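[1] Here is a sequence with its predicted model. Questions after.
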Amino acid sequence: MRISRYREKSAVTTARKNRLEIIAAQLSRREMVKFGLIGASGYLVSKHGLSHWASGGLPVGCDSRTPGGAVDFTSQAAKGRGGNMASPPTRAFIEPLPIPAVRRPVSILTGPAPTIAPNTAAGEGRTRAHQAFTKYPAKFPFAPAVKFETHQRPGQMSMSPDLPLQPIWGHDGVWPAPTYHARYGEQILVRNFNQLPAPDQNGGFGIPEVSTHLHNLHSPSESDGFPCDFFGRGQFYDHHYTNVLAGFASTHPPDGDINEALGTLWYHDHRVDFTAQNVYKGLAGFYLLYNQLDTGNELTGFRLPGVPGSDFYAPIQFDVPLMIADRIFDPSTGLLFFDLFNLDGILGDKFLVNGKIQPFFEVEPRRYRFRVLNSGPSRWYQVFLTDKGTNTQIPFWLISNDGNLLPKPLSVNSITMGVAERDDIIIDFRPFAGKTLYFENRLEQLDGRGPTGNTLAAGAGDFIMQFRVKGTVSVADGSADPASQRFYTLPDKTAAPRMTRTLQFQRGNGQWQINGRLMDADCSTIRFRVQQNSTEQWILQNNSGGWMHPIHIHVEEFQILSRNGVAPGPSEVSRKDVSPLHHSETVRLFFRFRDWEGRYPLHCHNVVHEDHAMMLRWEIDQTGDTVPVP
Amino acid sequence: MPTSSDPSPPKSWANTSARDLIHRRYFPDVMLTTHDGKRVRLFEDLIFDKIVVINFFYATCEGICVPITANLVKVQGLLRDRVGRDIFMYSFTLKPRLDSPAVLKEYATRFQTGPGWSFVTGDPDDLELVRRRMGFVDPDPKRDADKLNHTGMVRYGNEPLQLWSACPGMSRPDSIAKSILAVDFANR
């Protein structure tokens, strides 16, 4: 398989060379076609069938060099498994894993004092009043004492020493954006400035209008980052993040249900039709939410790995967020390449963690908590912990699904993630002192439709990140043994639903549809209305024929009742906000809607699908509707 | 530590502008013919320095082409005299062997399209190249070969500002018009 791919690739390179020679001989394209020198796809006629390479519609054969050496860490994608343009070669595991900085509160906000109503006159892009301060003033005194500000602006960063500095857009000019540390019971206000450059300064992709979504926070609608709530250059937007447990005003007064606690969240741009470009450009970061049980300190509460310093707004040792991303770099300029005309899903041939291509991370022989995020744009992962020397897989502990702690840790050999899913895991490096281990993605995927279904053999996948296990520990491991841990109890999901709704995801003539209908670019159509303080079941059906979709639903996470009528596996006995929708699958979800009202989207989180209208708007209000097939 | 050997990256990276890269990647240098019989260069004459709206169709298509063309007529109406001034609409044929300029002219007349909207044909190899480069392709080769199943997506973009996206051709005309105007940054 691999050899034939090499041959195919070298045929492309040869064809391109020949073509360049013919061009140098000053034959026109027309003459080349006339003389039978060029085929329909625009490349020299080849016996090897170049359609695979041409299907992305891109010039190919740009650079087929493969790094040599005893150990081959070249991306599988670069060998022809999914990339439609080959990035330039880069060395692996020569730079350390960056740890994103933690954002620090400000004492005084830049600009006017916050207001409950949008401060349009002062340049605020918000269109609706903050609902929490007026609906629940005792719970949310105005204004929040803890305030942050973030400035979305251009920046430059190195993703590899073998590539030029990359122009990006980032919160405070960095990618990953600074991490928020937040606590339940402490509301915060984030003033979000759009200081992005004019569009002709976008480096070829990205629109300088933003709507920042805090993924999985139970946010009031006006602070959620709704796709059409975007605001322009020079404007700001105040987000009110309430950090309150679900049910505080209904089923579990006054503080909400601890069993609904969220943990690993992330924030990213959500501008309608341009989300993929803007997030690819760097507008994404983590938001970690702690509480009295998930404390960030391994000596208290659930005793999950983590040794905090005296400063809450600093990275916690041994509690490490990992933002996985795949990207393509233009082989001529060495710069980030975004395939503007791709409609299916963009697969990168370079794998980055926290903004670095294939970094290494020096770890101590003790337990670590990793918060693994698939930040997209489109790829599915199955990540193993591989001992490269023996090509064996090492089990580890899965403790969350979508960042929400499971009832108890599960021993797993791998984690499988669609775009936007978060898995918290615990790896105990103690038995591996002095060894080198790898995160390896062994899920084969050739195009945006989804993985092929093949899991590659250990050692044959893509090595995303290297762990170098030191010989000694600097801080004794005070964390609890996952084998004996218990976390939250799952909330009841047996309540009879007020409504059962069916949502069929279809594709007709290349257009995504939900129940046969299309999304409007201005998000104006409300497809259904949920009654506040009710329960519902939603049936998601994949009728799109050969495509897989990670479906994300804002504001309330759900529990999966069944996949094709069968109870989900243990890792999905959990609270989630992204449901992978596999081929021809029917998934039944349980929801309980409580605290907030307003507009929210439901969409595919393959952001290329999302930007091509695989989305709908729904709402929560006092009355709700009774439309079973909205 | 195992690391790959030195990849010896190029000594200097090309300093091509993003705008030029987009031109080279997506708009091959081909000559095409409009329904008015005008010979045009794809990039220089149709795309350069314009806001453009692009779809693929064929004149005898009895599937989605009809509703999409009808939809785009409404879009053209909503965009009024902007079309032909700084916004241009292009419908490229998927069947250039059948769709001569005269056939396209008849099609345009039938739908009463206004100025600034060209129906484009040309050498079949050229149009196939254009279709692939512009991404009007289904990843499933069988589906891709089935013209009845061709994509109904409409691509829109602002060439000088490097803003490109696409929307379903069968969405509401006002929604399509709004998408197009969203990349018209200079006039917002």
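    Alright, I've got the coordinates. The model shown is predicted, which means the values in this text are computed figures rather than measured ones. Residues are numbered from 1 along each chain as shown, chains lettered A, B, ... in the order given.

[2] Now residue B:26, what are its backbone angles?
    Dihedral pair for residue B:26: phi -110, psi -20, per degrees, to the nearest 10.

[3] and residue A:571, which of the three is it?
    Here residue A:571 takes the helix state, with states given by DSSP: H, G, I helix; E, B strand; the rest coil.

[4] tell me the contacts of the spatially closest residue to residue A:364 that is not a sequence neighbour?
    Counting by Cβ to Cβ, 6 or more residues apart in numbering or on different chains, the nearest residue to residue A:364 once its immediate chain neighbours are dropped is residue A:473, at 4.5 Å. The C-beta positions use only the backbone N, C-alpha and C, and glycine is treated the same way. Counting by Cβ atoms under 8 Å, 6 or more residues apart in numbering or on different chains, residue A:473 touches A:364-366.

[5] any idea how far residue A:568 is from residue A:473?
    Taking Cβ to Cβ, to the nearest Å as the measure, residue A:473 falls 37 Å from residue A:568.

[6] ok so, going back, look up how far residue A:429 lies from the residue nearest to residue A:364.
    From residue A:473 to residue A:429 the distance is 9 Å (Cβ to Cβ).

[7] Over to residue A:213?
    Going from residue A:213 to residue A:429 by Cβ to Cβ gives 34 Å.

[8] picking up where we left off before, list the residues that contact both of residue A:473 and residue A:429?
    Jointly contacting residue A:473 and residue A:429 under the rule Cβ under 8 Å, 6+ apart are A:364-366.

[9] In space, not sequence, find me the middle residue of the chain.
    I went with chain A, as the question did not name one. Nearest to the mean C-alpha position of chain A, by Cα atoms, centre = their mean, lies residue A:375 at 2.5 Å.

[10] Actually, chain B is the one I wanted.
    residue B:54 (2.8 Å).

[11] Give me the number of neighbouring residues for the closest residue to that residue other than its chain neighbours.
    Excluding its sequence neighbours, the residue lying closest to residue B:54 (Cβ to Cβ, 6+ apart) is residue B:155, at 4.5 Å. Burial of residue B:155 is recorded as 23 neighbouring residues (other Cβ atoms under 10 Å in any protein chain shown).

[12] Please apply the same query to residue A:127.
    13.

[13] That one: which element?
    Using DSSP states H and E, residue A:127 sits in no helix or strand.

[14] Would you quantify the distance from the residue nearest to residue A:364 to residue A:307?
    From residue A:473 over to residue A:307 (counting by Cβ to Cβ), the distance is 11 Å.

[15] Flag every buried residue along the helix or strand of chain B with the lowest mean pLDDT.
    Sorting the helices and strands of chain B by mean pLDDT, DSSP states H and E puts helix B:141-145 at the bottom, at a mean of 91. Within helix B:141-145, the residues scored as buried using 16 or more other Cβ atoms under 10 Å in any protein chain shown are B:143-144.

[16] CA atoms of that helix as PDB?
    The C-alpha trace of helix B:141-145 is given here as PDB (Å, rounded to 0.1, in the frame of the first residue of the first chain):
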ATOM      1  CA  PRO B 141     -15.800   9.400  -8.200                       C
ATOM      2  CA  LYS B 142     -19.100   7.600  -9.100                       C
ATOM      3  CA  ARG B 143     -21.200  10.500  -7.900                       C
ATOM      4  CA  ASP B 144     -18.800  13.000  -9.400                       C
ATOM      5  CA  ALA B 145     -19.300  11.300 -12.800                       C
END
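
[17] Show the subsequent helix or strand relative to that helix.
    strand B:153-158.

[18] Listing request: residues of chain B with sub-threshold pLDDT.
    Chain B contains residues with pLDDT under 70 at B:1-11.

[19] so who does residue A:223 touch?
    A:130, A:214, A:239-241.

[20] show me where chain B has strands.
    Assigned by DSSP state E, chain B shows strands spanning B:31-34, B:39-41, B:51-57, B:87-93, B:117-121, B:153-158, B:163-168.

[21] so what does the second one touch, helix or strand wise?
    What that stands for is strand B:39-41. strand B:31-34 (3 or more Cβ pairs under 8 Å, 6 or more residues apart in numbering or on different chains; DSSP states H and E).

[22] And the third one, by the same measure?
    With contacts defined as 3+ Cβ pairs under 8 Å, 6+ apart, the packing partners of strand B:51-57 are helix B:65-79, strand B:87-93, strand B:153-158.

[23] just so I know, which of these lies nearest residue B:109?
    helix B:65-79 (12.1 Å; Cβ to Cβ).

[24] Output the closest one as CSV - backbone C-alpha positions only.
    Taking C-alpha atoms only, helix B:65-79 is exported to CSV below (Å, rounded to 0.1, in the frame of the first residue of the first chain):
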residue,chain,number,x,y,z
CYS,B,65,-30.2,23.6,-12.5
VAL,B,66,-33.6,25.0,-13.1
PRO,B,67,-34.5,26.0,-9.6
ILE,B,68,-31.0,27.2,-8.9
THR,B,69,-30.9,29.3,-12.1
ALA,B,70,-34.4,30.6,-11.2
ASN,B,71,-33.1,31.4,-7.7
LEU,B,72,-30.0,33.2,-9.0
VAL,B,73,-32.3,35.3,-11.3
LYS,B,74,-33.9,36.5,-8.0
VAL,B,75,-30.5,37.0,-6.5
GLN,B,76,-29.5,39.1,-9.5
GLY,B,77,-32.7,41.1,-9.0
LEU,B,78,-31.9,41.8,-5.3
LEU,B,79,-28.4,42.9,-6.2
